[in-house]
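K.L.:
Turn this into a model:
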Amino acid sequence: MLASQVGQHDVAVDLIERAITHDRTNPRYFSNLGLALASLRRFEEAIASYDRALSLRPADAEVHYSRGNALLAQGRLLDAIEAYERSLLARPDHTQALCNRGAALAELGRNDEAIASYARVLAIVPDHAEALSNRGSALKALGRLDDALQSYDHALTVRSDDASALFNRGVTLHELKRFEEALSSYDRALALRPDHAATLANRGDVLRELRRLDDALASYDRALAARPDYAEALSDRGNVLKALGRYDDALASYDAALRLDPSYHEALSNRAVTLMALDRLDDALLSCDRALALRADSIEALNNRASVLQELRRFDEALATYDRIGAIAPDYAQAQLNRALLLLLTGDFARGRPAYEWRRKLPSWVERGFAQTEWSGQDIAGKRLLLHAEQGFGDTIQFARYAEFALKRGAHVILEVQPSLKPLLNGLFGVEVIAAGRDQLPPFDLHCPLLSLPHVFATELATIPVRASYIAAPAERIAAWTPRLPKDGLRVGLAWSGHRDNARDHERSIPFARLLPLLAIPRTSFVSLQKDVRATDAEDVTSCGDMFDLRADLRDFADTAAVIAQLDIVITVDTAVAHLAGAMGKPVWVLLPRVPDFRWLLDRATSPWYPSARLFRKGQTDTWDDVVAGVAAELAAMAR
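P.N.:
Model (predicted):
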């Protein structure tokens, strides 16, 4: 027994077996031999030795308990539970047998029974740290996250250095979307176990949720240094690299995960999204199909496959795939919304408008919680109607036009917009304009989010409320900017990238260097309308001496509008600048990917929303260089 206590279990086995040759009737020899054998993971021999001990002393609670542990280590859960229950018959207050019995029940998914077993432990020892921690895990498995968190916190007041409890507490906080607290819990666990791969990987997941992508990548790399064969960490690392726009690196990470686990269907599905970003659409479709061969009902893989089919302009197949998702998971909002966007893109407003309301089911939707009724088209004469922005700046600019139509129905309209849009939209159509989060909401009777107005007004392609212009820059801003703008040549405004967080940003934004052929056109003067310049573009923009770079002084959209008002034309990708120029009636050329956002529709050179817009689209095999070359030719002709 001394040898076993200092870790020399093979020596212990030899000595105890020699003792047994002298006395084969002592049950303690056999139970001690079982403990030594179990320490060497020779579980079958250990169980046989425990059985011999029990044949000599059948009611020995400790031997039944130790036998249960050996069975549990073998994964023989039902046999282990029976052994623990025999131990408890002999000794009902055996807290460790109760605790391990709970663990076996939890592993079988019988979490309510597990919790009851832990409750018996805690009735005897209220501060039993292991029972409290295990109880937390069973509660978490039942979705009782707040109760689970309370149990982990109690466990940690008893044993603050319990790395397992800290890890599980972090997982619970993560599921509760309390990301900063989850990160703190993981960091405390790592202070105790710095190389625990699962904690490092989960920490990466939380950092990704917090949009700390570089830190997330570093955490995944630490997890993989500790455990190079960690396929899940490789796949999650790929997700971060994809979010960073490092698509080649992301693909390599997914491929490494799949070499370790070829059946990893989630990695195959995410790999497809990366291949799509790399414009390898046929390969992306194959990756989706491989994922679906492994799991035919994978909603993510089906949704990604529909997206790939859409990019391939196989629209009927994409719609059929969305319908298949709807049959499997009718409440999967992202696929329902994607279907709506495809219907709107193809001009099917009748089906697309109501389906677009699925956006309210997404996690990104912010429910305002108004006590007042939402307006759905009923009579509003004499009513105070609040129309509120819900998405990006471009969306607000585009759909603010509906305020005029609500006004014509006799309502007093209050238009709530993003603060940086208020100076521009103040007084639009004579409605009351307020800044979200800054101005106090005035009293109102009804409300409606801006992007639901096309549905409320039953807008069809032929009935889009179109005006040559409906937004004008403030006169005093125009006067302030006049001295700072070029006087000679064709005055051209440029914008080349949108918000990085947009899901389609990699498709719609263009590196500034791709636009340099435009700046070489004679008799032109270029003005940057790009408020935020990315680090990847900064050097090219700074070194370009042929463009007026105004970003430091563009305070809000009223300034941008004042500059646009004094230009001859605006050339932009699909971003808020395109909507602003269109709403002002300024000639605007919009550079679009092969399959654009729904509002630009398909295969049109003009926009029904903005009469002054001209659309330059990528063909199926075009690059941005091809599109820019076409724009350059047209611009040169205009400059001449």
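
K.L.:
Going by C-alpha atoms from here, please, whenever you check contacts or count neighbours.
P.N.:
Noted.

K.L.:
Heading C-terminal from the lowest-mean-pLDDT helix or strand in the chain, find the next helix or strand.
P.N.:
In the chain, no helix or strand scores lower on mean pLDDT, DSSP states H and E than helix 505-508, which sits at a mean of 80. Sequence order places helix 516-519 as the next helix or strand after helix 505-508, per DSSP states H and E.

K.L.:
Nearest residue to the most centrally placed residue in the chain in space, please, no chain neighbours.
P.N.:
With distances taken as Cα atoms, centre = their mean, the residue of the chain nearest its centroid is E209 (6.9 Å). Leaving aside its chain neighbours, E209 sits nearest to F179 (7.3 Å; criterion: Cα to Cα, 6 or more residues apart in numbering).

K.L.:
ok, that neighbour - contacts?
P.N.:
F179 makes contact with L173, V206, L207, E209, L210 under the criterion Cα atoms under 8 Å, 6 or more residues apart in numbering.

K.L.:
From those residues, pick the one nearest L342.
P.N.:
Looking at those and their distance to L342, the nearest is E209, at 27.8 Å (Cα to Cα).

K.L.:
buried stuff in the longest helix along the chain?
P.N.:
Scanning the chain for the helix with the most residues, using DSSP state H, yields helix 624-639. Using 16 or more other Cα atoms under 10 Å as the test for burial, helix 624-639 gives W624, V627, V628, V631, A632, L635, A636.

K.L.:
Report the two of the residues you listed separated the most.
P.N.:
Across the buried residues of helix 624-639, no pair lies farther apart than W624 and A636, at 17.9 Å, counting by Cα to Cα.

K.L.:
roughly how far is stretch 156-171 from the heart of the chain?
P.N.:
27 Å (Cα atoms, centre = their mean, to the nearest Å).

K.L.:
Contacts for it, please.
P.N.:
Residues from elsewhere that reach stretch 156-171 (Cα under 8 Å, 6+ apart): 127-129, 133, 137, 148-149, 152-153, 155, 181-186, 188-190, 192-193, 199, 202.

K.L.:
Try it again at 6 Å.
P.N.:
Residues outside stretch 156-171 that contact it (Cα atoms under 6 Å, 6 or more residues apart in numbering): A129, S133, Y152, A182, S185, Y186, A189.

K.L.:
Out of the residues you listed, who's the most crowded?
P.N.:
For those, neighbours were counted using other Cα atoms under 10 Å, and Y152 has the most, 29 neighbours in all.

K.L.:
Surely that one is within a helix?
P.N.:
Yes: per DSSP: H, G, I helix; E, B strand; the rest coil, Y152 lies within a helix segment.

K.L.:
mind checking how far it is from A131?
P.N.:
Applying Cα to Cα, to the nearest Å, the value for Y152 to A131 is 10 Å.

K.L.:
And for R246?
P.N.:
Noted for R246: a distance of 45 Å to A131, by Cα to Cα.

K.L.:
Between those two, which is the more surrounded one?
P.N.:
Remark: of R246 and A131, A131 carries more neighbours, 29 against 16, as counted by other Cα under 10 Å.

K.L.:
Would you mark the buried spots in the helix or strand containing that one?
P.N.:
A131 is located in helix 129-141, with elements delineated by DSSP H and E. The neighbour-count check on helix 129-141 (16+ other Cα under 10 Å) flags 129-141 as buried.

K.L.:
Nearest to H412, out of those: which one, please.
P.N.:
Closest to H412, out of all of these and judged by Cα to Cα, is K140, at 49.8 Å.

K.L.:
my guess is that closest one contacts A148, does it?
P.N.:
Yes: taking contacts as Cα atoms under 6 Å, K140 lies within contact range of A148: 5.4 Å.

K.L.:
D14 - how many residues pack around it?
P.N.:
D14 has 12 neighbours, counted by other Cα under 10 Å.

K.L.:
quick one: it is in a helix?
P.N.:
Yes: looking at D14 with three-state DSSP, it is inside a helix.

K.L.:
Give the buried residues for the helix or strand containing W481.
P.N.:
Per DSSP H and E, W481 falls inside helix 475-481. Under the neighbour-count criterion of 16+ other Cα under 10 Å, helix 475-481 has R477, I478 buried.

K.L.:
Repeat that for stretch 80-91.
P.N.:
Within stretch 80-91, the residues scored as buried using 16+ other Cα under 10 Å are A80, I81, E82, A83, Y84, E85, R86, S87, L88.

K.L.:
Stretch 22-29 too?
P.N.:
Buried-residue list, stretch 22-29, by 16+ other Cα under 10 Å: P27, R28, Y29.

K.L.:
Doesn't the last one lie inside a strand?
P.N.:
No: secondary structure assignment places Y29 outside any strand; it is helix (three-state DSSP).

K.L.:
hmm, back to that, would you mind pulling up the elements that the helix holding W481 packs against?
P.N.:
Using 3 or more Cα pairs under 6 Å, 6 or more residues apart in numbering; DSSP states H and E as the contact test, no helix or strand touches helix 475-481.

K.L.:
and the next helix or strand after that helix, what's its mean pLDDT?
P.N.:
As assigned by DSSP H and E, the chain's next helix or strand after helix 475-481 is strand 490-495. Regarding strand 490-495, the rounded mean pLDDT is 96.

K.L.:
quick one: G410 is in a strand?
P.N.:
No: assessed with three-state DSSP, G410 is coil; it does not lie in a strand.

K.L.:
Correct me if wrong: it contacts A381.
P.N.:
Yes: with contacts defined as Cα under 6 Å, G410 counts as touching A381 at a distance of 4.1 Å.

K.L.:
I'd like the distance between A633 and G377.
P.N.:
Going from A633 to G377 by Cα to Cα gives 47 Å.

K.L.:
Now the spatially closest residue to S420 that is not a sequence neighbour: phi and psi?
P.N.:
Distances taken as Cα to Cα, 6+ apart put D556 closest to S420, at 5.0 Å, once the chain neighbours are dropped. When read as degrees, to the nearest 10, the backbone of D556 gives phi -160, psi -170.

K.L.:
okay, D556: pLDDT?
P.N.:
What the model reports as pLDDT for D556 is 93.

K.L.:
And for it, the neighbour number?
P.N.:
D556: 15 surrounding residues under other Cα under 10 Å.

K.L.:
thinking again about what came up before, from the contacts of stretch 156-171, which single one is nearest G427?
P.N.:
Checking the contacts of stretch 156-171 against G427 with Cα to Cα, the nearest one is A182 at 45.8 Å.

K.L.:
Give me the nearest residue to that closest one, chain neighbours excluded.
P.N.:
G170 (4.3 Å).

K.L.:
tally of neighbours for the one you found?
P.N.:
Counted with other Cα under 10 Å, residues neighbouring G170 total 30.

K.L.:
now F370
P.N.:
Residues contacting F370 under the criterion other Cα under 10 Å number 9.

K.L.:
next one: phi and psi at it?
P.N.:
For F370, the backbone dihedrals (degrees, to the nearest 10) come out as phi -70, psi 140.

K.L.:
how much space is there between it and N304?
P.N.:
Per Cα to Cα, F370 is found 35 Å from N304.

K.L.:
Thank you, goodbye.
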